[in-house]
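Chemist: Starting from these lines, generate the structure:
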Amino acid sequence: MALPLFAFGIVNLPMLGWLAVAAAPILIHLWSRRKYREMSWAAMEYLLAAVQRQTRRLRLEQWLLLLVRTLLIVLLVLALAEPFLERSGLAPAGGGRTHRVLVIDGSYSMAYRPTDKSRFARAKELAERVVEESLQGDAFTLVLMAAPPRVVVGTPALEAAAVREEIENLELVHAGADLPATVTVVQQLIDKARRENPRLERHEVYFLTDLQRADWAPELGETALAEFRRQSAALAHAATLMIIDVGQPSAENLAVTALEALDTVAVVGHGLKFQATLKNFGRQARDRQMVELLVDGRRAEQQVVDIPAGGETSTVFAYRPDTPGDHTIEVRADGAALAVDNHRYLVVPVRQSIRVLCINGRPSGESFHGATDYLAAALAAQSGPGRQGSVAVDVAMESALLERDLGGYDCVYLCDVAQFTASEARVLDAYLGHGGSLVFALGGQVLADRYNRELAGGAGGPRILPARLGPIVDKVPPGLDPLDYRHKIVQAFRGREKSGLLTTPVDKLYRLEISKNSAAHVVLATRGGLPLLVEEPIRKGRVVLLATSADSSWTPMPLWPSYVPLMHEILTWCVGGQNQQRNVEVGDVLGGSAPATAADAPLWVQRPDGQRRKVPLHAEGDYSAWSYADTTLSGIYTARFGPPVSRNQCFAVNLDTRQSDLASLGEEDLRGEVWTDVPFLYQTTWQNLDAADASPMARPGRLHVGLLYGVLGLLFADTFLAWRFGHHHP
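Modeler: Residues are numbered from 1 along each chain as shown. Next up, the predicted model:
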């Protein structure tokens, strides 16, 4: 056990010089002793005999008074010097005014509840005790260690009550923590305090954390790791570092690590399947673990699964929506001490039908001679067993791009359109910016130079196409290459070679030129290596470019059995991208759009904790856009539009489950892996969570009060003794 030390602040140390005053009563006593010349006198002989009988008693009284008065001065001087008791090896010795930086780990692993209190609550309690037990004149700054770190109190504060209130109001975030960024922020705070508060002679940094390995041993590159260690060493040189470990080395945890819809597009009346993955991060198997599926907050199904120690398992739930709109899906597995990752959320927009607009660049009065005839028939057809049908197709001329509200369509196909104006390009760009998807099919009408100028980022216009159009290739090698079926659009054809996809002939196509730094992917190519189908996520939407025609003018593909399923896979992939915007992780920005006429409509975002925040709408062309960035909690967020829009839009915000592994670092690991050659003090509270002396500091600010009470008691004692001895009768 650490022993208490008796110490003084450097500023108060000169007060001890006044201890010399304690010699005053002794000096006065010695000065008062005078030598007398002895003379014989009968009367005095009688008195002397009487005094000698009481000599021992008088000397005792005088020495007692001298002791009381000397001790009174000593206690008064010590009280003015404000001594304090401190634990050896626990907190640095006090001296001068101290600047204490309190860094509280706010990552969601701190929500682990080993007892009646979470790690985060324990850390806040300890931080408050550091503030309470500090000397008057000490200053504090407060940092929440998160990703990114948040400075709560930036300027060193002297008011302990205000700092304690800020600590009490802290809330953890459902994300990890960025240790390198936190070290940088703390160093900046100390540098600022040195410049602006030179009277703060000492600097101490308290990290109150569970030392989770995911946060304290981040995977950094060689250069980043060297910079982190350099900054850590500089911080240790500028301040004394104290690690207060509130974690537990044998913590167990279970988490729902994944939840996905196996059906990309949801339509009313069609069954949906959801797959949930649960992982056991503990050393004990979890048999007969209850798992529940909740739809719109109501339990729809429950299952029992077995999860081995250190392993994971998956389970599939089924649900059939009967109403359109946003449906919230939650999978819950209760029973772990870390409750925040026992849930996983998903938002599924359920459509009455999938709305598609086909722009016909080459209309014809004869059936199946126009640019969109085969395509419209394929999209409207049932797509086969297990596929989602109910596709509503509208076919229109090129003028519809400027005349119609594209926001009412899930996907827009542009087939053999000769050229686009700058105005049309801006409309398409805005449509992508609000989550729409585009599919371009080329043909004999297309003017490549106009496409490249208006749609490929030329002449300062928006970049909409995933590739530039090169020359026409009219001798195409037979057969198609699915490129190992890597892309989701063609994965459904794996093992189904008889579907005809690989043997589809292409007579003519545009050579597509993809830049080296592009995010575009080739989905399907010819046997000769020419890209046939290219896709790229652009802005908030997805764009697919087919190098040949969607009709039979350049290829007999529409007559092949693979044509209908391929067109449906393209549509499913495009529309599925809109679902991704509704399902994000903690820290991502939420956003959406409404018609431009709704620019003045009120909009509130309701958080998972029930709080509502008003969000402004701003006009962007034909749309009104909004964004919301305060996604620090996991759960369901709901955007509620007032009149004239009057609709709700839901978003699922989920955890990054790397934090669910509660493996932590010990002191040796910290010194060997993270802070090599960086001096710091280390203490745990998990060894005795309820110990009264678990504070990182003893109580330094109260000892002088006891000394002053002692001074008061001695004053009463001196008065009483002086009275008693002065009126004593033999």
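
Chemist: Domains of this protein: list them as residue ranges, please.
Modeler: 4-32+40-85+705-726, 91-250+662-696, 254-351, 354-580, 590-651 (automatic domain parsing).

Chemist: Do me a favour and get the end-to-end distance for stretch 522-533?
Modeler: Terminal residues of stretch 522-533 are spaced 6 Å apart (CA to CA, to the nearest Å).

Chemist: Quick one: distance of it to the chain centre.
Modeler: Relative to the chain's own centre, stretch 522-533 is displaced by 41 Å; criterion: CA atoms, centre = their mean, to the nearest Å.

Chemist: export the domains of the chain to CSV and tack on mean neighbour count?
Modeler: No exception for glycine: its C-beta is placed from N, CA and C like everyone else's. Below are these laid out as CSV (neighbours: other CB atoms under 10 Å):
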stretch, mean neighbour count
domain 4-32+40-85+705-726, 14
domain 91-250+662-696, 19
domain 254-351, 17
domain 354-580, 19
domain 590-651, 17
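
Chemist: Least confident of those, on average?
Modeler: Comparing mean pLDDT across the domains of the chain, the weakest is domain 4-32+40-85+705-726, with a mean of 65.

Chemist: What segments of the stretch 451-600 of the chain are strands?
Modeler: Applying DSSP state E, counting those that start in this stretch to the stretch 451-600 of the chain gives strands spanning 468-473, 480-481, 509-513, 521-526, 531-538, 541-546, 583-585, 590-595.

Chemist: in the protein, which residue is closest to the centre?
Modeler: What sits nearest the mean C-alpha location of the chain, by CA atoms, centre = their mean, is Ala175, with 3.0 Å.

Chemist: Relative to Leu655, how far out is that residue?
Modeler: 8 Å (CB to CB, to the nearest Å).

Chemist: Name the SS class of Pro180, please.
Modeler: What DSSP: H, G, I helix; E, B strand; the rest coil gives for Pro180 is helix.

Chemist: mind checking how far it is from Leu144?
Modeler: Applying CB to CB, the value for Pro180 to Leu144 is 16 Å.

Chemist: Please apply the same query to Trp63.
Modeler: From Trp63 to Leu144 the distance is 61 Å (CB to CB).

Chemist: isn't Gly282 right next to Ala309, touching?
Modeler: Yes - between Gly282 and Ala309 there is a contact under CB atoms under 8 Å: 6.3 Å.

Chemist: Okay, strands next: where are they in the stretch 601-730 of the chain?
Modeler: 603-606, 612-614, 618-620, 623-628, 635-641, 648-654, 681-684.

Chemist: closest one to Leu294 among those strands?
Modeler: strand 635-641 (10.7 Å; CB to CB).

Chemist: Can I get the closest one in PDB, CA atoms only?
Modeler: Once non-C-alpha atoms are left out, strand 635-641 reads as follows in PDB (Å, rounded to 0.1, in the frame of the first residue of the first chain):
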ATOM      1  CA  GLY A 635     -30.300   4.100 -33.200                       C
ATOM      2  CA  ILE A 636     -33.100   5.500 -35.300                       C
ATOM      3  CA  TYR A 637     -33.100   9.100 -36.400                       C
ATOM      4  CA  THR A 638     -36.300  10.500 -37.900                       C
ATOM      5  CA  ALA A 639     -36.600  13.600 -40.100                       C
ATOM      6  CA  ARG A 640     -40.100  15.100 -39.700                       C
ATOM      7  CA  PHE A 641     -41.200  17.500 -42.400                       C
END
